[in-house]
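Trainee: For reference, the sequence and a predicted model appear below.
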Amino acid sequence: MAPRRKAIRAGILFIALLIVSGVVLMYRGNDAVILATQRKDGILTAEQVKLSFDSVGGRLINEAVREGQIVTAGQVVMELDATDTNLAIEKIRAQIAQLDAQINSTAGNMNTSLFRADNDEQQSFRQIDSQRGAVNAARATLTNAEIDFKRKSELFSVGAIAKSQLDDATMTLNVARANVDTQQQLLNRLLAGTADTGATDSLNLPTIQQERASAENIRNDIAALTQQKKFLEVQLKELEVAKSRLTLHAPEDGKILSILQKQGEMVAANTPVILLETRRVYYDIYLSEEQAVNLREGDEIICRTVAGGKQVRGTIRLLTQAPGFADLRQSREKGQSDLSAFQVRIYIDEPEKILAGQTVTVEL
């Protein structure tokens with residue numbers, strides 16, 4: 001009987017301990033389900049950036065960093081050979097200089113032509129004034145010749161003068177008339193079809209207008225050369241931009257994880273050459289609907305590193321429904337979940353305190 005009593009006592013003691021343990025766990029909430037609900041773990045992940053040469057390619061001549069090296073924003077990490085680009089830039093600059101010379105020369109020719117037209121106009125005005133005076137003089141001579149002819153005709157009719165004197169007066173009159181016609185023709189030639197208003201400075205001589213029009217047409221040549229220069233200047237800017245892109249700079253602070261192209265290799269445009277680990281560090285946790293409803297994007301979350309127990313602040317950047325694998329499925333039909341899970345992405349505000357890959361814990 002003694003062994004049987006001992007067995008009964010042991011069984012009663014075991015049952016009592018089991019009941020007590022269950023009660024304690026129930027009140028303290030330290031069972032596995034409760035712990036998983038109250039504490040969430042996540043792995044710190046650093047965002048990675050693939051660096052590449054923007055729209056340019058060539059031979060890699062300078063590998064300025066090594067794997068594992070810490071770099072700062074703007075630091076040179078790689079360079080491509082710029083020989084061809086430099087030659088193209090020099091060629092474009094020479095063409096621009098040549099166009100500048102042509103523009104200056106053409107502008108000089110235009111100014112010379114306009115100056116010559118002004119001089120020709122003044123000379124024509126002086127010649128017209130002079131010729132107008134000659135016409136007036138010829139007309140005055142003609143008037144005198146007509147008066148003399150009329151007087152001698154009257155004298156000859158009464159026998160006061162000889163026939164020879166009348167003939168001389170007739171010849172003088174004819175010469176005066178011919179001289180007036182000649183001088184008027186010369187004046188008309190200088191006027192070149194322009195109506196003579198008597199005001200010389202207001203005359204618009206066709207020959208002078210043609211000279212000025214020819215000079216103004218040179219402006220079109222200058223405009224065409226100027227447009228060619230602008231086109232070359234755009235090409236020059238494109239080449240200068242392409243040259244600047246031959247030098248690859250770190251876009252932000254971080255660490256070089258991997259160098260994908262080695263010095264001396266040909267690199268294609270937009271091909272990743274460096275993998276950079278940034279200082280943007282985050283971790284994801286998955287919460288139930290009841291827990292997620294109290295959170296908002298922008299809220300601050302305190303986490304603790306498993307190794308070292310450091311407290312680190314973070315900010316919720318993303319709060320969205322989690323993929324289907326995180327949902328709780330029990331009795332729903334057709335694969336529907338009983339409870340939806342929410343993904344919370346938290347970015348660390350002080351990344352210098354931790355290392356990517358560490359595990360952190362969030363107490364809810």
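Mentor: Everything's here; your move. Residues are numbered from 1 along each chain as shown.

Trainee: Packing partners of the helix or strand containing Gln48?
Mentor: In this structure, Gln48 sits in strand 45-52 according to DSSP states H and E. If you count contacts as 3 or more CB pairs under 8 Å, 6 or more residues apart in numbering; DSSP states H and E, strand 45-52 packs onto strand 254-259, strand 272-288. (Glycine included, C-beta is placed from N, CA and C.)

Trainee: quick one: which of those strands is nearest Ala16?
Mentor: Counting by CB to CB, Ala16 lies closest to strand 272-288 out of the helices and strands packed on strand 45-52; the figure is 34.8 Å.

Trainee: Turn the helices and strands packed on strand 45-52 into CSV, including distance to Cys303, mean neighbour count and mean pLDDT.
Mentor: Listed next are the helices and strands packed on strand 45-52 as CSV, based on distance: least, CB to CB, whole Å; neighbours: other CB atoms under 10 Å; pLDDT from 0 to 100:
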stretch, distance to Cys303, mean neighbour count, mean pLDDT
strand 254-259, 22, 18, 95
strand 272-288, 7, 19, 94
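
Trainee: My read is that Thr106 contacts Ile218, right?
Mentor: Yes: the criterion here is CB atoms under 8 Å, and Thr106 meets it with Ile218 at 6.0 Å.

Trainee: For the strand holding Gln48, buried residues please.
Mentor: Neighbour counts over strand 45-52 (16 or more other CB atoms under 10 Å) mark Ala46, Val49, Leu51, Ser52 as buried.

Trainee: try stretch 89-100
Mentor: Ile89, Ile92, Gln95, Ile96, Leu99.

Trainee: Of those residues, which is the nearest to Val344?
Mentor: Closest to Val344, out of all of those and judged by CB to CB, is Ile89, at 52.0 Å.

Trainee: Now do the SS call for the closest one.
Mentor: The local conformation at Ile89, judged by DSSP: H, G, I helix; E, B strand; the rest coil, is helix.

Trainee: in this structure, which spans are strands?
Mentor: Taking DSSP state E, the strands of the chain run over residues 39-43, 45-52, 58-63, 70-71, 76-80, 247-249, 254-259, 266-267, 272-288, 300-305, 311-321, 341-348, 359-363.

Trainee: Which among those is found nearest to Asn119?
Mentor: Between the strands of the chain, strand 247-249 lies closest to Asn119; by CB to CB that is 57.9 Å.

Trainee: average model confidence for that closest one?
Mentor: Across strand 247-249, the average pLDDT comes to 97.

Trainee: Adjacent strands (with direction) for that strand?
Mentor: strand 76-80 (antiparallel) (DSSP bridges).

Trainee: Quick check: buried residues in the partner strand?
Mentor: Residues of strand 76-80 classed as buried: Val77, Met78, Glu79, Leu80 (neighbour count, 16+ other CB under 10 Å).

Trainee: farthest pair in those residues?
Mentor: Largest separation among those by CB to CB: Val77 and Leu80, giving 11.8 Å.

Trainee: which residues of the stretch 51-200 of the chain fall in helices?
Mentor: Along the stretch 51-200 of the chain, the segments classed as helices by DSSP state H, counting those that start in this stretch run 83-157, 163-191.

Trainee: Show me the shaky parts of this structure.
Mentor: Within the chain, the segments meeting pLDDT under 70 span 1-7, 9-11, 14, 20-38, 124-125, 128, 191-208, 324-339.

Trainee: care to break it down by domain?
Mentor: 37-81+251-363, 86-241 (automatic domain parsing).

Trainee: Start and end of the last one, how far apart?
Mentor: Spelled out, it's domain 86-241. Length of domain 86-241, first residue to last, CA to CA, to the nearest Å: 12 Å.
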